[in-house]
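# sharing a model that was predicted from the sequence below.
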Amino acid sequence: MIRDRASPPAEEGIVANMAIPPEAEALAAIRARDVAADGTFVYGVGTTGVCCRPSCPSRAARPERIRLFPDREAAIAAGFRPCRRCDARPVASEPALVRVLEHLRHHADRPVPLAELAALAGWSPAHLQRRFTRAFGCSPKRWQTAWRERRLREGLRDGGGIAAASAGAGYGSGSRLYEQAAERLGMTPGRYARGGAGETIAWAVTDTAVGHALVAATHRGVCFVALGDDPAGLEADLRAEFPAAALVAMPERNRSAFVAWMDAVTTAAAGRPAGAPALDVRGTPFQLRVWELLRTIPPGETWSYTRLATALGLPRGARAVATACAANRIALLIPCHRVVRGDGTLAGYRWGSRRKAALLAAEA
């Protein structure tokens, strides 16, 4: 529901404002506690009267109770008070890091060398890399890429055309945009602007040692693996995940590649090494870092969320790591089941705790 930005905090709904990301994108950033979204908006919770930054570790509110604002001051002016945990400020309120962020935004049309950013901050390149990664969960290069991607998505959704969206996001030329579109959007800019219409995803269901597995893939690789007891329910999950894509049964012309992908899934479900099949993975820069590290955990070994966060250079980021694990949509091939609580207990699993226990037992 749209509310006037000056309405009291007891009223609920999403505020429309051109300076902030689209509602769906903002809510996704809040759910993922995406540090790359810090500084692009803040949100207020109508039931508590508190405002937070996107990456705030506080428990996420229900979407209908959230209001979006372009900055902390706008939220305070509307009657919200800053959260005691995050103060509704970006992780990096330090002037040197703020200067670096502004420089990255203003020079989105080119890769900015780390040495150039370090000189701006007054630090060595290595020190800047450490401080930036600690504050934002990713390198300056990845942060700039994520920021450009967000600008591109906003421009395409606004309906101003691909050329205008490309220029606004700093791509400089249409050819550069199309060269990077598959990586940044998972599809061409035109398809993204039409809500993903035209993207083709092939899928099939197979039996594994832990129940049915639905395997779905684009021409780039596996994009979705779900586990369950009901094939119809798994298909419904796939359609909910990719509502605008054309979903087709495994085509005969791609049969050999698809069979290899399904074999990898059944092998992993049986607790044996499944190799490294091609994946078409889409997520925030922080999620991608977590998922890449998950693929390095060998079968038979478990890591705690704290260990995973520490390996990423974020020793206090266990909760954000757990959120990224929960957002994984490719079971087994991105083995989030190998992450447990610090005391060794299993914690949650998107496809069921019993299934997680069975997978770990098979790998032991």
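Good, I have the coordinates.
# where does pLDDT dip in this protein?
1-19, 35-36, 91-93, 135-137, 149-198, 251-254 (pLDDT under 70).
# could you break it into its assigned domains?
1-91, 92-196, 200-269, 285-363 (automatic domain parsing).
# could those go into a markdown table alongside distance to residue 277 and mean neighbour count?
Quick note: C-beta positions are derived from backbone N, CA and C, even for glycine. Converted to a markdown table, these look like this (distance: least, Cβ to Cβ, whole Å; neighbours: other Cβ atoms under 10 Å):
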| stretch | distance to residue 277 | mean neighbour count |
| --- | --- | --- |
| domain 1-91 | 25 | 18 |
| domain 92-196 | 17 | 17 |
| domain 200-269 | 5 | 17 |
| domain 285-363 | 6 | 18 |
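# and these: which comes nearest residue 276?
domain 285-363 (7.2 Å; Cβ to Cβ).
# hang on, the earlier thing: now distance to residue 276 too, for the domains of the chain, in CSV please.
Formatted as CSV, the domains of the chain follow (distance: least, Cβ to Cβ, whole Å):
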stretch, distance to residue 276
domain 1-91, 25
domain 92-196, 18
domain 200-269, 9
domain 285-363, 7
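# among those, which comes closest to residue 278?
From these, taking Cβ to Cβ, the stretch that ends up closest is domain 200-269, at 3.3 Å.
# how far off centre is that closest one?
21 Å (Cα atoms, centre = their mean, to the nearest Å).
# ends of stretch 304-317, how far apart?
End-to-end distance of stretch 304-317 (Cα to Cα, to the nearest Å): 12 Å.
# ok now it, how far from the chain's centre?
Computed by Cα atoms, centre = their mean, the chain-centroid distance of stretch 304-317 equals 17 Å.
# for that stretch, give me every contacting residue.
Applying Cβ atoms under 8 Å, 6 or more residues apart in numbering, the external contacts of stretch 304-317 come out as 130, 133-134, 137, 289-290, 293-294, 303, 318-322, 325, 339-342, 347.
# now with 7 Å?
By Cβ atoms under 7 Å, 6 or more residues apart in numbering, the surrounding residues in contact with stretch 304-317 are 133-134, 137, 289-290, 293, 318, 321-322, 339-342.
# which parts of this protein are strands?
42-45, 50-52, 66-69, 81-82, 200-208, 211-218, 221-228, 246-249, 303-304, 339-340 (DSSP state E).
# among the ones you listed, which is nearest residue 98?
Of all these, strand 42-45 comes closest under Cβ to Cβ, at 15.5 Å.
# just the CA atoms of that closest one, as CSV, please.
Extracted as CSV, the C-alpha positions of strand 42-45 are listed here (Å, rounded to 0.1, in the frame of the first residue of the first chain):
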residue,chain,number,x,y,z
VAL,A,42,16.4,3.0,5.0
TYR,A,43,13.2,1.4,6.2
GLY,A,44,10.8,2.0,9.0
VAL,A,45,8.7,-0.6,10.8
